[in-house]
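Chemist: No letters, just coordinates:
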């Protein structure tokens, strides 16, 4: 087990920078997820930690030692690849043995390790098979087994679930969470799937265009997004945004648009100046139907209702502005109805429209 | 996949049979002529039934050192094949993995080695080998054949290496292996069908080669193909011996291809990555 730290890490291909000065501290045993859309530099960052890409600038330390120039084999890491990268000409057992061979263990030790990991992942019956004879989920487990058998200090996962179907993905996700709990090894996990990130991570690192947008626990990035990108990237369905202007009201500043006017959140009112352009963000789950006669309710027209069982997603329209409310299925209105909704005060997020940063 | 109907199967068998017969006719003629007594060789109409004789084969080895010629051919062929496949696959691995804007130029340059007509370089080769004292040695032919075989191997193997997913090599790197071990424990085994194809091509080219062997060898390093031609002299053509020699020359190629056949099976990389 080991801590990992990245200091101002840069990756450039010629003049083209793909990772711009990433700073990241990962403590011993932490499960860190690098999350972002494709092309955001998350896989490149992981590959730099693995030693599969040269570091163009900055420092990467594992367990306090700078490992920039060390080959992958001297970094005490193990990696699970997106496409599993199982050696096709070897059986499951040979795949694991191959990973152990450089450690020069005795035959008994090798056998014990393989038996242990195979037992943990339920691979005992598959040891003599070749990768071509395995299902997708089984290959994925073999890939994890091959990584685990080496008892590395740091596990690297590169989108390990992206080739699995939805049901299997949920199952393997839970297995990974359990294994991490059991082994306590430091994990760096790359994904573009926010559900994986939210469910697995101790710490989520959200990246975009080679920059880190926010680092925080799943709760933090969900409840306190630092900017518009994080706000809309995390959460499904994504946050509703309204372009508003700050105006002076009777009891402090209010936010106004052509469609509606609401009071600014009290804790943010100090940061607002009249005439300022702001973006108001509210998660669909923080929009609810108003009670009869509730003050501050906004009248909206129901466009589409998506019934999801427990909940319903209601597409609403106020003037030209469309937004989504996530409400209990039992309360759902009918399409074309006019309803009154209110925004939960605690769920209001304010962003500077120009910089996109949270206020 | 649809099952092939009986009618289609019959058709396939008939066409295959016709092609097989066309290919087998020369081989039959060689074998038949090598076993015919000299008197029956050119009788008209051709004799179909004759008393076979091994006299031509006996002559081949008693009147001539044909076993020595065969040995020379084997040395030259196996030497060149082994050398070409080794060097060629290493070169191909480099070409397949190195990222460089001019790497394709290098690959083309290697291929261009194969483009010149052999007859154009026979004389320069002769002069060079004479001056370094390699004339009439198997080594000279190994070198010459390798210059033709290596480009072929490089290009064939590059295609096979390109097919091996780089993720496998990266996985092996992370698992703790260096580039040399990765090459011969992961990449090369997965490109084994390609290796077999290259070996077969190199073997056949070297084994059958005639022009360079004729010009660059004398008595001691003479190969089987050239030796057979020596039965064709100004006063007589000894067809029986030529045919006997030709038939013997056919055999190693067949054995070699059959040996390599099990490696020629494709599909080894199936299922490694999804």
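Modeler: Sure, I can see it. What you see is a predicted model, and the numbers here were worked out from it, not measured in a lab. Numbering: from 1, shown residues only, chains lettered A, B, ... in the order given.
Chemist: what number of residues lie near whichever residue of the stretch 51-200 of chain A sits closest to chain B?
Modeler: Closest to chain B within the stretch 51-200 of chain A is residue A:132: 2.8 Å, counting by CB to the nearest CB. In short, each C-beta sits where N, CA and C put it, glycine included. Residue A:132 has 15 neighbouring residues, counting by other CB atoms under 10 Å in any protein chain shown.
Chemist: Correct me if wrong: it contacts residue A:87.
Modeler: No. With contacts defined as CB atoms under 8 Å, residue A:132 does not count as touching residue A:87, sitting 11.4 Å away.
Chemist: Need the per-residue pLDDT for the residue of the stretch 51-200 of chain A closest to chain B.
Modeler: pLDDT, residue A:132: 91.
Chemist: what residues are up against whichever residue of the stretch 101-250 of chain B sits closest to chain A?
Modeler: Across the stretch 101-250 of chain B, the shortest distance to chain A (CB to the nearest CB) belongs to residue B:176, at 3.3 Å. Residues near residue B:176 by CB atoms under 8 Å, 6 or more residues apart in numbering or on different chains: A:72, A:73, A:99, A:101, A:102, A:103, A:150.
Chemist: Apart from its chain neighbours, what residue comes closest to the residue positioned nearest the centre of chain B?
Modeler: For chain B, residue B:204 is the residue whose C-alpha lies nearest the centre (CA atoms, centre = their mean; 1.7 Å). Closest residue in space to residue B:204, ignoring its immediate chain neighbours: residue B:253 at 5.9 Å, by CB to CB, 6 or more residues apart in numbering or on different chains.
Chemist: before we move on, back to that, who wins for most neighbours among the contacts of residue B:176?
Modeler: Result: residue A:99 is most packed of the contacts of residue B:176 (other CB under 10 Å), 26 neighbours.
Chemist: per-residue confidence at the residue nearest to the centre of chain B?
Modeler: Residue B:204 is given a pLDDT of 92.
Chemist: thought it was touching residue B:252?
Modeler: No. Look at residue B:204 against residue B:252 with CB under 8 Å: they stay out of range, at 10.0 Å.
Chemist: Now for the residue of the stretch 251-359 of chain A found nearest chain B, how many residues are close by?
Modeler: Per CB to the nearest CB, the residue of the stretch 251-359 of chain A with the smallest distance to chain B is residue A:308, at 31.1 Å. If you count neighbours by other CB under 10 Å, residue A:308 ends up with 10.
Chemist: Give me the domain ranges for the chain.
Modeler: Assuming you mean chain A. A:4-233, A:240-352 (automatic domain parsing).
Chemist: switch to chain B, that's the one I care about
Modeler: B:1-53, B:64-264.
Chemist: returning to what we had before: helix or strand for the residue nearest to residue B:204, just tell me which one.
Modeler: helix B:239-261 (DSSP states H and E).
Chemist: Report the buried residues of that helix.
Modeler: B:239-249, B:252, B:256, B:260 (16 or more other CB atoms under 10 Å in any protein chain shown).
Chemist: Which stretches in the stretch 101-250 of chain B count as helices?
Modeler: Assigned by DSSP state H, counting those that start in this stretch, the stretch 101-250 of chain B shows helices spanning B:103-112, B:118-132, B:138-163, B:166-175, B:179-182, B:188-190, B:192-208, B:211-216, B:224-229, B:239-261.
Chemist: What sits closest to residue 201 if chain neighbours are left out?
Modeler: I'll assume chain A. residue A:33 (3.9 Å).
Chemist: um, chain B though
Modeler: Nearest residue to residue B:201 in three dimensions, chain neighbours excluded: residue B:152, at 6.0 Å (CB to CB, 6+ apart).
Chemist: That neighbour: neighbour count?
Modeler: 20.
Chemist: That one reaches residue B:89, doesn't it?
Modeler: No. Counting by CB under 8 Å, residue B:89 is not a contact partner of residue B:152; they are 11.6 Å apart.
Chemist: Residues that sit against both of these two, list them.
Modeler: residue B:198.
Chemist: quick one: residue A:217 from residue B:221, how far?
Modeler: Distance, residue A:217 to residue B:221, using CB to CB, to the nearest Å: 78 Å.
Chemist: For residue B:114, grab the count of nearby residues.
Modeler: 14.
Chemist: near chain B, from the contacts of residue B:176?
Modeler: A:72, A:73, A:99, A:101, A:102, A:103, A:150 (CB under 8 Å from any CB of the partner chain).
Chemist: a markdown table for these, including secondary structure and pLDDT?
Modeler: Output for the ones next to chain B among the contacts of residue B:176, formatted as a markdown table (DSSP: H, G, I helix; E, B strand; the rest coil; pLDDT from 0 to 100):
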| residue | secondary structure | pLDDT |
| --- | --- | --- |
| A:72 | helix | 91 |
| A:73 | helix | 88 |
| A:99 | helix | 92 |
| A:101 | helix | 91 |
| A:102 | helix | 90 |
| A:103 | helix | 88 |
| A:150 | coil | 89 |
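Chemist: Out of these, name the two that are farthest from one another.
Modeler: Greatest spacing in these, by CB to CB: A:72 and A:101 (15.3 Å).
Chemist: where does the chain have low pLDDT?
Modeler: If you meant another chain, say so; for now it's chain A. Applying pLDDT under 70 to chain A flags the ranges A:1.
Chemist: The intended chain is chain B.
Modeler: Ranges of chain B meeting pLDDT under 70: B:1-3, B:264-274.
Chemist: one more time with 50
Modeler: B:1, B:267-274 (pLDDT under 50).
Chemist: So which elements touch the helix holding residue B:253?
Modeler: helix B:6-35, helix B:55-62, helix B:66-97, helix B:192-208, helix B:224-229 (3 or more CB pairs under 8 Å, 6 or more residues apart in numbering or on different chains; DSSP states H and E).
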